[in-house]
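Q: What follows is a predicted structure for the sequence shown.
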Amino acid sequence: MSNELPQPDYRQSLHDAVVETAHALVAGSVGVVEAARRFMELAAELDALDDEDFVYFMELDSRSDGFPLGIAREQWSATALEREDLARRKYEESVHGEAVTHCRSLIARYTNPR
């Protein structure tokens with residue numbers, strides 16, 4: 001891994017992705033678990049894994065890493081997916097309010113004033 005700082009345009013694209021993901025969670029178009037997984041990738045790229053909002057999502061990601069998303073779902077039976085999807089929905093409902101609060105904080109911090 002290089003010690004060079006990312007180009008400003010790349011860094012801005014990461015900021016935009018943080019804001020986009022946070023807005024999607026607030027709007028309900030992305031679930032908390034999926035957003036947490038996205039935030040972990042973005043936090044790592046931004047070298048912001050110690051940021052309190054990202055730490056919150058890191059904890060959510062850790063507690064929810066057993067839920068199948070994306071292509072991993074192809075390896076699960078329909079019965080198991082139904083069970084896990086129900087458990088994920090209940091989990092997401094229980095953390096949604098606090099997740100929205102952290103998303104609003106991320107939006108405020110990573111929105112580029114135009």
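A: Perfect, thanks for sending it.
Q: separation between residue 17 and residue 67?
A: 22 Å (CB to CB, to the nearest Å). C-beta here means a position set from N, CA and C on the backbone, and glycine is covered the same way.
Q: Equivalent analysis for residue 103, please.
A: Residue 103 is 19 Å from residue 67, where distance means CB to CB.
Q: So for the two, which residue has more residues nearby?
A: Ranked by neighbour count (other CB atoms under 10 Å), residue 103 and residue 67 place residue 103 first, with 25 against 19.
Q: That one reaches residue 25, doesn't it?
A: Yes - applying CB atoms under 8 Å, one finds residue 103 in contact with residue 25, separated by 5.1 Å.
Q: joint contacts of these two?
A: residue 35 (CB atoms under 8 Å, 6 or more residues apart in numbering).
Q: For this protein, which helix extends over the most residues?
A: Determined from DSSP state H, the single longest helix within the chain is helix 78-110.
Q: same for it, what does it pack against?
A: helix 8-27, helix 32-46, helix 52-63 (3 or more CB pairs under 8 Å, 6 or more residues apart in numbering; DSSP states H and E).
Q: May I see the buried residues of it?
A: 84, 88, 91, 92, 95, 99, 102, 103, 106, 107, 110 (16 or more other CB atoms under 10 Å).
Q: What's the mean pLDDT across that helix?
A: If you average the pLDDT over helix 78-110, you get 97.
Q: and it, how far out from the chain's middle?
A: 9 Å (CA atoms, centre = their mean, to the nearest Å).
Q: Same question for stretch 35-54.
A: With CA atoms, centre = their mean as the basis, the mean position of stretch 35-54 lies at 8 Å from the chain mean.
Q: Nearest to residue 79, out of the helices and strands packed on helix 78-110?
A: Closest approach to residue 79 among these (CB to CB): helix 32-46, 20.0 Å.
Q: thinking again about what came up before, and the longest helix of the chain with helix 52-63, angle?
A: On the basis of axes from the mean of the first three to the mean of the last three CA atoms, to 10 degrees, helix 78-110 is oriented at 170 degrees to helix 52-63.
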